[in-house]
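In: give the three-dimensional model of this entry:
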Amino acid sequence: MKTNLIQKLVLIATLLLGFNFSTAQQTIWQGCTSTTYSVTNTTGSSYAWSVSPSAGTITGNGTNAIGIDWTGVATGTYTVSVTETNSNGCPGTPQTVSVSIITTPTAAATVTQPTCAVATATIEVTSPTGTGYQYSIDNGATWQTATTFPNIAANSNHTVIVKNQTGCLSIATPTTVNPQPATPTTSPITFN
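Out: The predicted structure is shown next:
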């Protein structure tokens, strides 16, 4: 009896996990080039991919993995869908992902400038930020996952740029660190 119940629960869980109850979503910065989409490959199956409304260039149609080149695609929302047809010629339930192409953001940062008491600056990237993003203050020569860049030399120029999790780059922003303010030299006190 207990074994029967466990088998039924396993069957129910397997059936539930096989269905796609919600549409996945992806956001891409305009001008970003190629993105790969895939589903699990089933031997003997073929796969029909499409983008609606028609946009981008699909490579690899017929297989379980494709690339879509989004170069030149207007901002908006697109649906990527795939239908698997098994070796018996039976089509499966289409799987979809909603893709939003948004205007490429411009990197933004704040600078805590040097003071009379502190000779260095701190650059903090404020936008765009997100999980999987990387940040650079040298126009992409080096990257880090933290948004804060401490101990930046006074009297220096930097180019802030952000790379998202798909490798798309933001519009760069020049940032200037001012010279450290001079500490006044006070003359000795004189008296009569």
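
In: check which residues of the strand ranked longest in the chain are buried.
Out: Looking across the chain with DSSP state E, the single longest strand is strand 76-85. Within strand 76-85, the residues that count as buried by 16 or more other C-beta atoms under 10 Å are Tyr78, Val80, Val82, Glu84. Every residue, glycine included, has its C-beta placed from N, CA and C.

In: cool, stretch 135-148 as well?
Out: Result for stretch 135-148 [16+ other C-beta under 10 Å]: buried residues Tyr135, Ser136, Ile137, Thr147.

In: that older thread, which one of the buried residues of strand 76-85 is nearest Ile189?
Out: Compare each of the buried residues of strand 76-85 with Ile189 using C-beta to C-beta and the shortest gap goes to Tyr78, at 74.9 Å.

In: picking that back up, ok, so of the buried residues of stretch 135-148, who is nearest Pro188?
Out: Nearest to Pro188 among those is Ile137, at 42.8 Å by C-beta to C-beta.

In: and that closest one, what is it in contact with?
Out: Ala109, Ile123, Val125, Phe149, Ile152, His158, Thr159, Val160, Thr175 (C-beta atoms under 8 Å, 6 or more residues apart in numbering).

In: what is the neighbour count of the residue nearest to Val73 when sequence neighbours are not counted?
Out: In space, and not counting its chain neighbours, Val73 is closest to Ala55: 4.7 Å by C-beta to C-beta, 6 or more residues apart in numbering. Other residues within reach of Ala55, judged by other C-beta atoms under 10 Å, total 17.

In: next, work out how far apart Ala55 and Thr166 are.
Out: Separation of Ala55 from Thr166 (C-beta to C-beta, to the nearest Å) stands at 17 Å.

In: show me what counts as buried in stretch 166-177.
Out: Applying 16+ other C-beta under 10 Å to stretch 166-177 flags Cys168, Leu169, Ser170, Ala172, Thr173, Thr175, Val177 as buried.

In: centre of the chain to that stretch, how far?
Out: Centroid displacement of stretch 166-177 relative to its chain, using C-alpha atoms, centre = their mean, to the nearest Å, is 14 Å.

In: follow-up on the earlier one: tell me which of the buried residues of stretch 135-148 is nearest to Gly72?
Out: For those, the nearest to Gly72 is Ser136 (25.7 Å; C-beta to C-beta).

In: coming back round to it: could you point out which element follows the longest strand of the chain?
Out: strand 95-102 (DSSP states H and E).

In: is it true that Gln165 lies in a strand?
Out: No - per DSSP: H, G, I helix; E, B strand; the rest coil, Gln165 lies outside any strand segment and is coil.

In: wait, Pro150 sits on Thr120?
Out: Yes - using C-beta atoms under 8 Å, Pro150 is in contact with Thr120, at 7.4 Å.

In: who's more crowded, the two?
Out: Taking other C-beta under 10 Å, Pro150 and Thr120 do not tie; Thr120 has more neighbours (16 against 11).

In: now Thr96. Nearest residue, chain neighbours left out?
Out: Ser81 (4.5 Å).
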